[in-house]
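Peer 1: coords below, sequence missing:
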RNA sequence: GGGGCCGUAGCCCAAUAGGUCGAGGCACACGGUUUAGGUCCGUGACAGUGCGGGUUCGAGUCCCGCCGGCCCCA
């Protein structure tokens, strides 16, 4: 670990391990990063938060990157002298604990809390500027009690409800999943193919907030959130404008409503399709087609979502022996059942316009259904080309719409439908309600009692928390398709809170994303036992000024947390509608171009890297590797080089500290170095504020080199400018390499931590340059360079440029067409 | 299939409102220090911005097309 040995005086050598041991003890004693609640404390308040970790084991390289980035932001704020809230906690409910408990025949809590302790120690060693007094764990009854309390408030507001419906079921984890947890038809966690089941489950009515979730994103623009995250959320919510159109069905009293984004193509609807697995298809099926339909439906049920949504697969379907009536032209169109229409989107049925929708066209061609073009786009007839046309064009074959453009037609037909009472303008969303029940043990019990008399009865607030039974372990927790809680009869059987009769607890637990949807509010009053959080404290700290975490949460966690915040706003419990004012997505740490994994054998162990290079060097490596949002390939970076740099920086601080006392007036110091120092301050500050931490580090490196040069071949270590530079090095380096910064600061003769309130401002007079290089171009090629004053006038600069011998030579006898002058940096002489 | 982001030395990456492509680092080479090696100090070479067009006095930056990579939605 010691990087330098031999002729150096041992104490002047940066010894990472020794410094870690020394400063961890001091920080633990002095607690420099505790947020102040003192009302008299006038410092600006700042809330910086890293997404809390899941205690899956010890910290790994991913945590190292995330928390190094977040810590740059937090420590910068501390350096500015702000009152920073930078708390930590654990997202400690979840499946891995349960699986570990089954494997080791233990209780999930044992594994969970042991891992939390391990991670807590690692965080201390990693020197993250955390406020340890606010620590929380979502698996504590003191925490999940408030999940239950919030669930009940949602229930009262009809934002939590139970319904029977087709849900995503993971056969491996033996539980249902939210839509957001199904990626490409597979379980987000274990990648098993998800199947459909019809179950009675609890949902949060997030669709009620779809418009606000979309529209409030306006608050997050201008670089406050990464554009791609906003884009992903927009896509996920998937708002589309169109119309609901009522189709009468022969032999049925009630019409069937379909949603379409293209009401303008209504005259081109030549058939009607119900999702094969929707109740509607079953209902519409004529008796003589029932057998065929049921066979088909059973086939569809066996298909995975992946197969079903594949565009490669030929279209399948059956005719249901019924006809629907097109409301605008009275046309009888056949009703089919197919699997390319999804039961849970829109109304589970569509009007098919084969000329202008490729899926409909594929289906029509396969089954010999008519294709009628109603928008002339100037492309070939879809019936012949096999290519549906979706673009702009002029309406045709469409009665009153003929001759209109697409947008006009949409407007006109919507009005016609509304006048006739057979349809209306409508908005459809891709977003589904949030399925929150899980058939697993290690989560928050849903605080509802099912009573044969009273139905769904909320557990009264004063009986919260509904605690998990403690006597389950090992095989008791094995997945069996129903929650393990169902088997604990003395837990399940309770008196109905309303009528006192025999009743049973709901045995499902909540999706752990409920836990993480409001934890950032709990940090403001982590021990409050009368409410989930103190509204006034949240008003003082919130919303979060800077949130830091991985892009893998771009939809799930961030969407849910935004939803919760809006509900809490409506309840008057928080005063803001967006929880995270700014968001930084850090990248992943990969190795040799691939995600680290055991099977590839390319894992990099954080503990081993720290052992080899020390905490500071590891942190410096991840921060310097590139922009924060980029992935870091560990094969491309060099922690050894980081360690060497820290050594250089440390020696500068030690030598400057030995040569002059603290408090030395820098104004008499070497001007060249002073200018370099203040330019560095200026550039580092700008870079940190713009999240360009890698650039900030590069500027610190330059400053160290400049100081080194000043000591070796300039004014010498005792020059006041060298001390000034060394102090700036200590302060700026503290954002990234806290140990060496603290030790350097002490060697510079300071007492107290370097980490708080020491950021310097660049002195403007030291930033001005007495001369700048002006390039002179002839026909856009650089032909000469001039040293000029920064405030030179355009006229003067033009005169100087034209006076240049070199320039005159290149102009020759060509005619000057134009001279572009951009004082003081450039002159371009355009010649004929 | 639709949408988005990205492509700068062997490698990781910089480049205010379009204005000298190269800040920083890795690797490499050379010199100094060193008994030697490493460390340390210093010096240096290598690219013209994926390809092809366009706008402009001037394009890494703006526009169009293509190639390659990544992401989101189908």
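Peer 2: Cool, got the structure. Computed from a predicted model, the values in this text were never measured in an experiment. Residues are numbered from 1 along each chain as shown, chains lettered A, B, ... in the order given.

Peer 1: can you point out the buried residues in stretch A:817-832?
Peer 2: A:821, A:823, A:824, A:826, A:827, A:828, A:829 (16 or more other Cβ atoms under 10 Å). Where you see a C-beta, it was placed from the backbone N, CA and C, and this is true even at glycine.

Peer 1: do that stretch and RNA strand B meet?
Peer 2: Yes: using Cβ under 7 Å from any atom of the strand, stretch A:817-832 reaches RNA strand B at A:818, A:820, A:822, A:825, A:826, A:828, A:830.

Peer 1: stretch A:776-785 too?
Peer 2: Yes: residues of stretch A:776-785 are located near RNA strand B by Cβ under 7 Å from any atom of the strand, namely A:777, A:779, A:780, A:782, A:785.

Peer 1: who touches stretch A:463-482?
Peer 2: A:98, A:101-102, A:104-108, A:141-142, A:144-145, A:148-149, A:173-175, A:439-442, A:445, A:447, A:459, A:484-485, A:487-488, A:491, A:497, A:505, A:507 (Cβ atoms under 8 Å, 6 or more residues apart in numbering).

Peer 1: quick one: stretch A:447-467 to chain centroid distance?
Peer 2: Chain-centre distance of stretch A:447-467: 35 Å, with Cα atoms, centre = their mean, to the nearest Å.

Peer 1: for it, which positions count as buried?
Peer 2: Buried residues in stretch A:447-467, counted by 16+ other Cβ under 10 Å: A:447, A:448, A:449, A:450, A:451, A:457, A:458, A:459, A:464, A:465, A:466.

Peer 1: rounded mean pLDDT for that stretch, please.
Peer 2: Across stretch A:447-467, pLDDT averages out at 95.

Peer 1: next, the distance between the ends of that stretch.
Peer 2: 10 Å (Cα to Cα, to the nearest Å).

Peer 1: continuing past the helix-or-strand element of chain A with minimal mean pLDDT, what's the next helix or strand?
Peer 2: Every helix and strand in chain A was compared by mean pLDDT, DSSP states H and E; the lowest is helix A:305-309, with a mean of 64. Next along the chain after helix A:305-309, taking DSSP states H and E as the criterion, comes strand A:317-325.

Peer 1: so what does that next one touch, helix or strand wise?
Peer 2: Packing partners of strand A:317-325 (3 or more Cβ pairs under 8 Å, 6 or more residues apart in numbering; DSSP states H and E): strand A:240-249, strand A:271-275, helix A:279-284, helix A:290-302, strand A:332-338, helix A:358-367.

Peer 1: any idea which of the ones you listed is most buried?
Peer 2: Greatest average neighbour count among the helices and strands packed on strand A:317-325 goes to strand A:271-275 (a mean of 26), per mean count of other Cβ atoms under 10 Å.

Peer 1: now, which of the contacts of stretch A:463-482 lie within helices?
Peer 2: Secondary structure assignment by DSSP state H places A:98, A:101, A:102, A:104, A:108, A:141, A:142, A:144, A:145, A:148, A:149, A:491 of the contacts of stretch A:463-482 in helices.

Peer 1: for the stretch 51-200 of chain A, what spans make up the helices?
Peer 2: A:61-79, A:95-104, A:108-125, A:141-156 (DSSP state H, counting those that start in this stretch).

Peer 1: which of the ones you listed sits closest to RNA strand B?
Peer 2: Judged by Cβ to the nearest atom of the strand, the one of those that comes nearest to RNA strand B is helix A:61-79, at 12.7 Å.

Peer 1: what count of nearby residues applies to residue A:429?
Peer 2: Applying other Cβ atoms under 10 Å, we find 18 residues neighbouring residue A:429.

Peer 1: so it is in contact with residue A:241, correct?
Peer 2: No: in this structure, residue A:429 is not within contact of residue A:241 by Cβ atoms under 8 Å, at 10.7 Å.

Peer 1: contacting residues for the most centrally placed residue in chain A?
Peer 2: Closest to where the C-alpha atoms of chain A average out (Cα atoms, centre = their mean) is residue A:554, at 3.2 Å. By Cβ under 8 Å, 6+ apart, residue A:554 lies in contact with A:228, A:229, A:232, A:233, A:585.

Peer 1: any weak-confidence spans in chain A?
Peer 2: Where chain A drops to pLDDT under 70, the residues are A:1-11, A:304-312.

Peer 1: switch the cut-off to 50
Peer 2: A:1-10 (pLDDT under 50).

Peer 1: tell me who's in contact with the residue lying farthest from the centre of it.
Peer 2: Distance from the C-alpha centroid of chain A, by Cα atoms, centre = their mean, peaks at residue A:813 (62.1 Å). Not one residue lies near residue A:813 by Cβ under 8 Å, 6+ apart.

Peer 1: shouldn't it be within a helix?
Peer 2: No: read with DSSP: H, G, I helix; E, B strand; the rest coil, residue A:813 is coil and lies in no helix.

Peer 1: measure residue A:634 to RNA strand B for me?
Peer 2: 10 Å (Cβ to the nearest atom of the strand, to the nearest Å).

Peer 1: hang on, that residue packs against residue A:593?
Peer 2: No: look at residue A:634 against residue A:593 with Cβ under 8 Å: they stay out of range, at 10.5 Å.

Peer 1: which one's more surrounded, these two?
Peer 2: Counting neighbours by other Cβ under 10 Å for residue A:634 and for residue A:593 shows that residue A:634 has the greater number, 20 against 10.

Peer 1: now residue A:244: closest residue in space, sequence neighbours ignored.
Peer 2: residue A:426 (4.1 Å; Cβ to Cβ, 6 or more residues apart in numbering).

Peer 1: next, the angle from the host helix or strand of residue A:568 to helix A:141-156.
Peer 2: Assigned by DSSP H and E, residue A:568 belongs to helix A:556-570. Here the directions of helix A:556-570 and helix A:141-156 differ by 70 degrees (axes from the mean of the first three to the mean of the last three Cα atoms, to 10 degrees).

Peer 1: tell me where the stretch 701-832 of chain A has strands.
Peer 2: A:772-778, A:781-788, A:816-822, A:826-831 (DSSP state E, counting those that start in this stretch).

Peer 1: could I get the ones you listed as a markdown table with distance to residue A:13?
Peer 2: What follows is the strands of the stretch 701-832 of chain A, written out as a markdown table (distance: least, Cβ to Cβ, whole Å):
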| stretch | distance to residue A:13 |
| --- | --- |
| strand A:772-778 | 41 |
| strand A:781-788 | 43 |
| strand A:816-822 | 50 |
| strand A:826-831 | 48 |
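
Peer 1: of the residues of stretch A:776-785 next to RNA strand B, select the buried ones using a PyMOL command.
Peer 2: Written as a PyMOL command, the selection of buried residues from these, which uses 16+ other Cβ under 10 Å, is:
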select buried, chain A and resi 777
